[in-house]
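Trainee: Okay, sequence plus prediction incoming.
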Amino acid sequence: MYPSWLAWPVATLGAVAVVAAVLVARRCEATTVPHVLGAAVLLLVAAVATVLASVGLWQALLAVHPVWADTGPFLHRPVPVQAAAVALAVAVTALWWLAVRRWAGTAGAATAGALVLAVLGLVTAATVPGASYLFAWPAAAAGVGLAAALALRGRPVGATAAATLGAVPVAALLVPLGWDLFVLSGVSDGVPAAALVLTAAALTLVLVPEGVRRAAAGDRPGRAWPVPVAAVLAAVVLAGVGAALNGPSAERPQASHLSFLQDDEGARWVSNQTVPAPWTARYLDTPAREVPAWPGPDEVRTGPAQPLAAPGPRAEILNRTADRAVLRVTSPRGAPGITLRPDRTVTAATVTPAGRPAVSAAPADGLTEIRLHAVPAAGAVVELVTGPGPLGVAVADLSPGLNRVPGFVPRPPELRGAPDPTSDQVVLATRVELSG
């Protein structure tokens with residue numbers, strides 16, 4: 001741990017170390033400045049290519065399990081899929097290494113990897129100082145290790161030791177970072193795989209002593225095409241294993257979003273899933289669209305349902321002025337939740353549940369939805385700051401459980417209710433018009 005004001009000095013140290021390594025490599029005729037810059041640009045291209053490959057991997061998995069469009073990218077057994085993304089990162093890095101080392105040399109390729117880390121250290125020092133250490137220290141160590149390895153090029157043991165020690169901070173800080181990024185984003189956006197490409201490129205530092213020795217002896221670079229080929233094959237196998245292990249089962253059921261909505265237009269089944277499971281899809285027959293009576297921000301798919309013999313919510317207008325409206329909302333059937341959705345944004349709202357203190361809200365961007373939980377039997381008084389003009393308000397009451405809805409068939413064992421708070425809800429809705 002060290003004070004945040006040291007972020008810039010440490011990042012500068014990393015940049016200076018890499019520049020020194022470039023100068024030493026140039027003096028030893030192991031590479032040139034244009035070659036290092038060109039290799040660094042190609043490394044960034046490789047990182048972008050890895051993002052696309054990882055995204056493509058996820059899209060391929062969606063073709064096998066379309067429902068992952070709603071439930072992914074966080075799988076209950078993610079390691080095989082994550083390992084497949086790592087294998088893709090290894091394949092792309094190996095291709096970059098094979099392409100670059102022939103004209104920039106092993107020293108040029110490894111220095112390019114350290115250079116990208118140094119630039120990231122400077123950028124994060126200016127924007128996210130708390131994260132700068134992740135790149136600055138590896139860049140500094142890689143730069144020093146590379147310079148020492150080149151200076152000791154006539155002593156293979158010393159050069160190998162220097163390169164290996166320089167790679168230790170890269171492995172210690174960046175390998176866990178790349179893996180931990182899977183926890184934050186899964187494999188669907190490719191960010192973890194791109195981070196691992198930059199890490200692997202910097203770790204090529206350990207290959208520099210042997211590469212310099214071969215170049216001095218006039219040996220041509222050895223063939224390493226089996227590495228990317230094997231990595232691609234491993235990615236395919238691991239992705240297949242991940243697809244097989246993450247299928248729905250009674251032990252690991254898949255989330256299924258389904259609710260019941262009844263308003264002035266009739267009764268409907270509702271789901272916000274893009275690709276619902278077959279059991280869910282049989283209740284639906286429309287594409288996703290906005291349903292004003294639905295108490296949620298998402299477009300939903302709907303399907304016809306049998307009406308429920310139960311009274312809907314009541315909204316009694318207690319007072320209406322030019323810019324305010326006061327309503328009493330109740331649920332005759334005793335639903336614990338009530339939602340109000342005005343046609344347009346209201347400035348503020350004050351809610352007074354029966355027998356409880358009032359609660360007010362006036363966010364800077366206004367209110368588009370008001371959700372009331374644990375509503376008393378006597379309901380609640382809601383005061384809206386509406387501004388002039390007419391206003392319509394959709395009022396819905398919500399109660400959990402679909403077992404009493406006509407036509408509902410319990411889910412099979414491999415499905416469970418979605419964790420979304422709007423799933424498995426009986427929603428009865430009405431609409432009240434407030435004149436200006």
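Mentor: Okay, I see it. Residues are numbered from 1 along each chain as shown.
Trainee: Confirm that Tyr319 sits in a strand.
Mentor: Quick fix: residue 319 is Asn, not Tyr. Yes - checked against DSSP: H, G, I helix; E, B strand; the rest coil, Asn319 lies within a strand.
Trainee: Number of residues surrounding the nearest residue to it once chain neighbours are set aside?
Mentor: Sequence neighbours aside, Val326 is the residue nearest to Asn319 in space, at 4.1 Å (criterion: C-beta to C-beta, 6 or more residues apart in numbering). Heads up, the C-betas are built off the backbone N, CA and C, glycines and all. Using other C-beta atoms under 10 Å, Val326 has 17 other residues around it.
Trainee: Sheet-wise, list the partners of the helix or strand harbouring Val326 with their directions.
Mentor: Element membership for Val326, per DSSP states H and E: strand 324-330. For strand 324-330, the pairing partners within the sheet under DSSP bridges are strand 314-320 (antiparallel), strand 380-385 (antiparallel).
Trainee: outside of that strand, which residues touch it?
Mentor: Around strand 324-330, the neighbours that count as contacts under C-beta atoms under 8 Å, 6 or more residues apart in numbering are 313-320, 338, 340, 372, 375, 377-386, 391, 393, 395, 432, 434.
Trainee: Just the buried ones from these?
Mentor: Neighbour-count burial (16 or more other C-beta atoms under 10 Å) is assigned, among the contacts of strand 324-330, to 313-315, 320, 338, 340, 372, 375, 379-386, 391, 393, 395, 432, 434.
Trainee: Can you list the residue ranges for helices in this protein?
Mentor: Under the criterion DSSP state H, helices of the chain are mapped to 7-27, 33-64, 68-71, 79-127, 133-151, 156-185, 191-203, 208-217, 226-245, 278-281.
Trainee: CSV please, covering the ones you listed and showing distance to Gly407.
Mentor: As requested, these are exported to CSV (distance: least, C-beta to C-beta, whole Å):
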stretch, distance to Gly407
helix 7-27, 62
helix 33-64, 30
helix 68-71, 23
helix 79-127, 37
helix 133-151, 55
helix 156-185, 39
helix 191-203, 44
helix 208-217, 70
helix 226-245, 34
helix 278-281, 13
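Trainee: As a markdown table, these with mean pLDDT, distance to Val359 and mean neighbour count would be great.
Mentor: Formatted as a markdown table, the helices of the chain follow (pLDDT from 0 to 100; distance: least, C-beta to C-beta, whole Å; neighbours: other C-beta atoms under 10 Å):
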| stretch | mean pLDDT | distance to Val359 | mean neighbour count |
| --- | --- | --- | --- |
| helix 7-27 | 95 | 43 | 20 |
| helix 33-64 | 95 | 42 | 18 |
| helix 68-71 | 78 | 33 | 20 |
| helix 79-127 | 94 | 38 | 24 |
| helix 133-151 | 96 | 43 | 25 |
| helix 156-185 | 92 | 34 | 18 |
| helix 191-203 | 95 | 40 | 25 |
| helix 208-217 | 75 | 65 | 19 |
| helix 226-245 | 94 | 46 | 17 |
| helix 278-281 | 92 | 36 | 17 |
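Trainee: Among those, single out whichever gets nearest to Asn272.
Mentor: The closest of the helices of the chain to Asn272 is helix 68-71. By C-beta to C-beta, the value is 8.3 Å.
Trainee: helices and strands around the closest one, which ones?
Mentor: With contacts defined as 3 or more C-beta pairs under 8 Å, 6 or more residues apart in numbering; DSSP states H and E, helix 68-71 has these neighbours: helix 33-64, strand 254-256.
Trainee: Ser423 is nearest to which of the ones you listed?
Mentor: When the helices and strands packed on helix 68-71 are ranked by proximity to Ser423 (C-beta to C-beta), strand 254-256 comes first, at 7.9 Å.
Trainee: Run me through the strand neighbours of that closest one, direction for each.
Mentor: Each strand that pairs with strand 254-256, with its direction, by DSSP bridges: strand 415-417 (parallel).
Trainee: So for the strand it pairs with, mean pLDDT?
Mentor: Model confidence over strand 415-417, given as mean pLDDT, is 91.
Trainee: Contacts for it next, please.
Mentor: Residues from elsewhere that reach strand 415-417, judged by C-beta under 8 Å, 6+ apart: 248, 253-258, 277, 279-280, 411, 423-424.
Trainee: Tell me the one among the residues you listed nearest to Ser399.
Mentor: Nearest to Ser399 among those: Asp424, at 10.0 Å, using C-beta to C-beta.
Trainee: Now for that closest one, how many residues are close by?
Mentor: When neighbours are counted by other C-beta under 10 Å, Asp424 registers 20.
Trainee: Nearest residue to it in space, ignoring adjacent ones along the chain?
Mentor: Closest residue to Asp424 apart from its sequence neighbours, by C-beta to C-beta, 6+ apart: Gly417 at 4.4 Å.
Trainee: repeat for Thr280
Mentor: Nearest non-adjacent residue to Thr280, counting by C-beta to C-beta, 6+ apart: Ser256, 4.8 Å away.
Trainee: for Val64, same thing?
Mentor: Ala243 (4.7 Å).
Trainee: In this structure the one you found contacts His65, no?
Mentor: Yes - look at Ala243 against His65 with C-beta atoms under 8 Å: they come within range, at 6.4 Å.
Trainee: What separation is there between the closest residue to Ala7 other than its chain neighbours and Glu414?
Mentor: In space, and not counting its chain neighbours, Ala7 is closest to Pro129: 3.9 Å by C-beta to C-beta, 6+ apart. Distance, Pro129 to Glu414, by C-beta to C-beta, to the nearest Å: 48 Å.
Trainee: How many residues are close by Val291?
Mentor: 21.
Trainee: Can you name the residues that contact the nearest residue to it once chain neighbours are set aside?
Mentor: The shortest distance from Val291 to any non-neighbouring residue, by C-beta to C-beta, 6+ apart, is to Val300 (5.6 Å). Contacts for Val300 (C-beta under 8 Å, 6+ apart) come out as 270-272, 288-291, 294.
Trainee: Report pLDDT for Val300.
Mentor: Note for Val300: predicted pLDDT of 94.
Trainee: still on that earlier bit, my guess is the residue nearest to Ala7 meets Leu6, correct?
Mentor: No - if you go by C-beta under 8 Å, Pro129 and Leu6 don't touch, sitting 9.1 Å apart.
Trainee: Can you name the residues that contact the residue nearest the centre of the chain?
Mentor: Nearest residue to the geometric centre of the chain (C-alpha atoms, centre = their mean): Ser185, 3.4 Å. If a contact means C-beta under 8 Å, 6+ apart, then Ser185 has 73, 191-192 as its contacts.
Trainee: can you list the domain ranges for the protein.
Mentor: 4-245, 252-436 (automatic domain parsing).
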